[in-house]
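Chemist: Dropping a prediction and its sequence here:
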Amino acid sequence: MNRLISLSLIAAPVAVGSAWLGMSSSTPWSAHERETIASLSLAQLAPLPRDPSNRVTDDTAAQALGKRRFFDERLSGNGKVSCATCHMPQRDFQDGTALAHGVGTTNRRTMPIAGTAHSPCMFWDGRKDSQWSQALGPFESGVVHGGDRTQYVRHIADAYRGPYERVFGNLPDLTGVPSHAGPNADGPARAAWLSMSEGKRDSITRVFADMGKAIAAFERTIAFDTTRFDRYVATELARRTHSAADSLSPDEESGLRLFVGKADCVNCHNGPRFTDDHFHNTGVAVSRVVAGMDSGRASGAARVTTDEFNCLSLYSDAKRDECGELQFAVTEGAELLRAFKTPSLRNVTERAPFMHAGQIVTIDDVLAHYDRAPKAPFGKSELKPLRLSETERRQIAAFLRTLTAPPLIKGERTP
């Protein structure tokens with residue numbers, strides 16, 4: 001399964017007060033606390049797991065091809081939308097808006113790409129189980145890229161034939177293939193798709209799937225960079241004297257203590273990516289601008305099991321016994337209703353607004369929400385009131401700002 005690497009953005013300045021510069025923790029960490037904060041360090045991030053469903057994930061030619069496609073606006077219905085339209089490198093590969101905007105407006109917030117190569121599921125509802133299958137969904141969405149399957153394959157033949165064939169082999173004969181046709185299109189384009197032979201549809205779909213696999217190979221090169229928090233942990237665990245580059249202020253350190261202690265944020269935001277990759281109902285209000293009720297994982301679980309491009313599909317490179325995440329996924333239960341994926345907290349303070357549809361504007365408001373633990377509009381919230389003081393919430397926010405650092409692509413800083 002695909003597991004992900006999340007991103008961070010602009011390094012937070014270190015406010016170095018003389019009262020704490022060069023000092024280690026004023027209150028020693030307990031053995032349990034030390035173990036917990038060590039587990040959050042980027043130094044503990046496991047090597048990238050292989051994705052058995054995508055044989056070209058580590059192929060450098062595929063990565064180069066995928067990068068070109070990622071920024072290609074011609075891969076859209078209006079010639080103005082690329083993957084980077086919503087996943088902006090300079091903004092942690094997201095867009096900073098409440099709802100994503102492509103050829104139209106979606107009903108959810110853009111999730112950052114960083115960290116996704118380590119994750120078993122994609123999107124807020126987990127309706128995709130790999131980076132490559134996730135990449136394909138927006139291309140045929142009427143509000144994101146707004147194009148169709150044969151349009152994209154013809155563009156690959158015209159603009160990328162050489163690079164494509166060096167990675168995936170010969171393109172199929174496109175003689176007689178309609179300019180616009182696809183199974184998820186409307187009107188004439190859908191009718192044109194249905195008029196094609198099954199074999200021709202399959203050959204087109206295989207190239208379309210390859211398009212996602214190349215993009216995923218590029219996305220796999222996007223990685224976190226080390227933050228001030230990570231440097232703090234390394235110095236603290238080594239029991240060395242802290243410097244300006246690896247210190248936490250008293251408020252930041254108190255926020256970390258609350259994060260792993262009283263506030264219990266680490267219950268869901270755990271591990272080096274600060275996410276458990278699970279789905280939770282946290283009582284978030286319904287969006288005021290999105291029509292209807294978003295059921296979250298309840299619908300996503302059903303969709304991933306029947307997805308045309310899941311790990312068990314004809315277009316996956318995996319063997320059946322390599323698709324355990326999909327085969328054993330929980331797909332039913334009241335706990336799935338309005339449950340959404342836990343996002344990484346790396347670079348979180350640079351990613352306002354928050355939640356799956358941007359319902360909460362500031363990080364302070366997010367912390368106030370978790371402190372209040374309101375009832376869920378649908379389903380049952382997992383939250384319990386935390387009874388944090390205003391000072392404690394401010395300290396947690398201060399700690400979260402230490403998780404910020406510029407993202408990396410193949411070891412090079414992005415713009």
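Modeler: Nice, thanks for sending it over.
Chemist: domain parsing for this protein?
Modeler: 31-49+249-413, 60-222 (automatic domain parsing).
Chemist: hang on, A64 packs against R166?
Modeler: No. The pair A64 / R166 is not scored as a contact, 10.0 Å apart, by Cβ atoms under 8 Å. For the C-beta atoms, the positions are set from N, CA and C on the backbone; glycine is no exception.
Chemist: Can you tell me which of the domains of the chain is most buried?
Modeler: domain 60-222 (a mean of 20; mean count of other Cβ atoms under 10 Å).
Chemist: quick one: terminal-to-terminal distance for that one?
Modeler: 13 Å (Cα to Cα, to the nearest Å).
Chemist: same question, stretch 62-78
Modeler: 26 Å.
Chemist: Give me the distance between that stretch and the centre of its chain.
Modeler: 19 Å (Cα atoms, centre = their mean, to the nearest Å).
Chemist: Could I get the domains of the chain in CSV, plus columns for distance to T241 and mean pLDDT?
Modeler: Shown next, in CSV, are the domains of the chain (distance: least, Cβ to Cβ, whole Å; pLDDT from 0 to 100):
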stretch, distance to T241, mean pLDDT
domain 31-49+249-413, 15, 96
domain 60-222, 32, 97
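Chemist: now these in TSV, with distance to A234?
Modeler: Output for these, formatted as TSV (distance: least, Cβ to Cβ, whole Å):
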stretch	distance to A234
domain 31-49+249-413	7
domain 60-222	20
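Chemist: So which of these is nearest L237?
Modeler: Distance to L237, taken as Cβ to Cβ, is lowest for domain 31-49+249-413 among the domains of the chain, at 5.8 Å.
Chemist: for the closest one, the distance to its chain's centre please.
Modeler: 10 Å.
Chemist: same question, stretch 205-223
Modeler: 15 Å.
Chemist: Endpoint to endpoint, stretch 342-362 covers what distance?
Modeler: Stretch 342-362 end-to-end distance (Cα to Cα) = 17 Å.
Chemist: correction: stretch 305-323
Modeler: Using Cα to Cα, the two ends of stretch 305-323 sit 11 Å apart.
Chemist: Check stretch 164-184 too.
Modeler: Stretch 164-184 end-to-end distance (Cα to Cα) = 24 Å.
Chemist: cool, stretch 402-409 as well?
Modeler: So stretch 402-409: terminal residues 21 Å apart, Cα to Cα.
Chemist: S249 contacts F399, doesn't it?
Modeler: No. With contact defined as Cβ under 8 Å, S249 does not count as touching F399 (9.4 Å).
Chemist: Next one: P172 from V153, what distance?
Modeler: From P172 across to V153, the span is 8 Å (Cβ to Cβ, to the nearest Å).
Chemist: Identify the contacts common to the two.
Modeler: Shared contacts of P172 and V153 (Cβ atoms under 8 Å, 6 or more residues apart in numbering): I204, V207.
Chemist: how about R127, what does it touch?
Modeler: Residues near R127 by Cβ under 8 Å, 6+ apart: G137, S299, G300, A301, R303, V304, D307.
Chemist: In contact with the fifth one, which residues?
Modeler: Read it as R303. Going by Cβ under 8 Å, 6+ apart, R303 touches D125, R127.
Chemist: and if we set it to 10 Å?
Modeler: F123, D125, G126, R127, K128, G137, N310, T331 (Cβ atoms under 10 Å, 6 or more residues apart in numbering).
Chemist: Excluding covalently adjacent residues, which one is nearest to V233?
Modeler: S41 (4.3 Å; Cβ to Cβ, 6 or more residues apart in numbering).
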